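Peer 1: Next one to model:
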Amino acid sequence: MSDAFVAANMRNWNERVPNHLIAYGAEAFADDPTAIWASTEAELLAPFVPGGSFAGVQMVHLQCHIGPDTISFARRGAQIVGTDLSGEAIAAATALAERAGTPNASFVQCANKDAPEVLGRRFDAGFTSVGVLAWLGDLDAWAATIHRLLRPGGIFLIYDGHPMMSAMQYEREDDLLVAGEPYFATGEPVRFDDGVTYASSTPMENNVTYQWPHDLAEILTALLDAGLRIEAFGEHRTIPWQALPSLVPTEQGWVLPEGSPSIPLMFSVVVRRP
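Peer 2: Numbers count the residues shown, from 1 in each chain. The predicted structure is shown next:
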């Protein structure tokens, strides 16, 4: 994976942080001790932790960004550390945890591949979720990192946009679902130049990003080849963000409009280190 691609993405993500703090309502989240996010992630992981409780569970959250999901698991009782490549994101997450009063949530800046050495310990459980895999060019290294971070018997959840959804054309003026993006992995990134932040229509200075398409077989094979065992797999009809313009909001998340063909929008996989 080219260091130049990663450096461009990191500049972009560093610049996104201030707008994401606003868009996510991060301060209001931190100030409300009853605010707990990542409910789907918790629901998917709960059957694999003792008694379905995260109290005292040693957890790691890869690609944690500004940290609300990490803090949410701390509010469920986990001892959790979040990692991210973006220094700006880690600084924001650390400040957010301090504001939230969750000392059991900590944050460390590092690349996924460096996390085992940087953190220096193994975990009972971990997760990564919602729009993360497209930023990784080497899934074999990613899966090996997960294996190394888990203690024997430890579990890890991946919850992300389904590759089939990601292959759909985004720029359409109708509600048709038309494949227009790569589905199968090529090993080469796709360049994006839109430069629009999540919270604002203001163009970004660091507007160029690179994302890698990953097909489902590539994802699952990387996990299996790393020595992990698949405990659960799911395909989901709702998605936490408006990934396609035709999606409509519901209390459960964004869904395809009535009458549209049914395709999976998200997938989940729980793996265990034997």
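Peer 1: Now do the residue most central in space within the chain against Glu15, distance only.
Peer 2: Using Cα atoms, centre = their mean, the residue of the chain that lies closest to the mean C-alpha position is Ser129, 2.7 Å off. Computed as Cβ to Cβ, to the nearest Å, the Ser129 to Glu15 distance reads 22 Å. Every residue, glycine included, has its C-beta placed from N, CA and C.
Peer 1: Given the lengthiest strand in the chain, what are its sheet partners and their directions?
Peer 2: Across the chain, the strand with the greatest residue count (assigned by DSSP state E) is strand 150-161. Here strand 150-161 has these sheet partners by DSSP bridges: strand 123-129 (parallel), strand 266-272 (antiparallel).
Peer 1: among those, which is nearest His162?
Peer 2: In this view, the strands paired with strand 150-161 are compared for proximity to His162 by Cβ to Cβ, and strand 266-272 is the closest at 4.7 Å.
Peer 1: The closest residue to the residue nearest to the centre of the chain other than its chain neighbours: how many residues sit nearby?
Peer 2: Residue nearest to Ser129 in three dimensions, not counting chain neighbours: Tyr159, with 4.1 Å by Cβ to Cβ, 6 or more residues apart in numbering. Number of residues near Tyr159 (other Cβ atoms under 10 Å) recorded here: 22.
Peer 1: i'd like the first residue to be 28 from this point on
Peer 2: I'll keep to 28 as the first residue from here, and by that count the last item is Tyr186.
Peer 1: Contact partners for Tyr186?
Peer 2: 67-68, 71, 154-157, 293-295 (Cβ atoms under 8 Å, 6 or more residues apart in numbering).
Peer 1: And it, what's its pLDDT?
Peer 2: The model reports Tyr186 with a pLDDT of 98.
Peer 1: gap between it and Leu274?
Peer 2: Distance from Tyr186 to Leu274, by Cβ to Cβ: 17 Å.
Peer 1: Low-confidence stretches in the stretch 128-277 of the chain?
Peer 2: Low-confidence segments of the stretch 128-277 of the chain (pLDDT under 70): 221-230.
Peer 1: what ranges do the helices span in it?
Peer 2: With DSSP state H, counting those that start in this stretch, the ranges of helices along the stretch 128-277 of the chain come out as 142-146, 166-176, 190-193, 243-252.
Peer 1: how about those in CSV, adding mean neighbour count and distance to Thr265?
Peer 2: Formatted as CSV, those follow (neighbours: other Cβ atoms under 10 Å; distance: least, Cβ to Cβ, whole Å):
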stretch, mean neighbour count, distance to Thr265
helix 142-146, 16, 30
helix 166-176, 20, 25
helix 190-193, 21, 11
helix 243-252, 17, 18
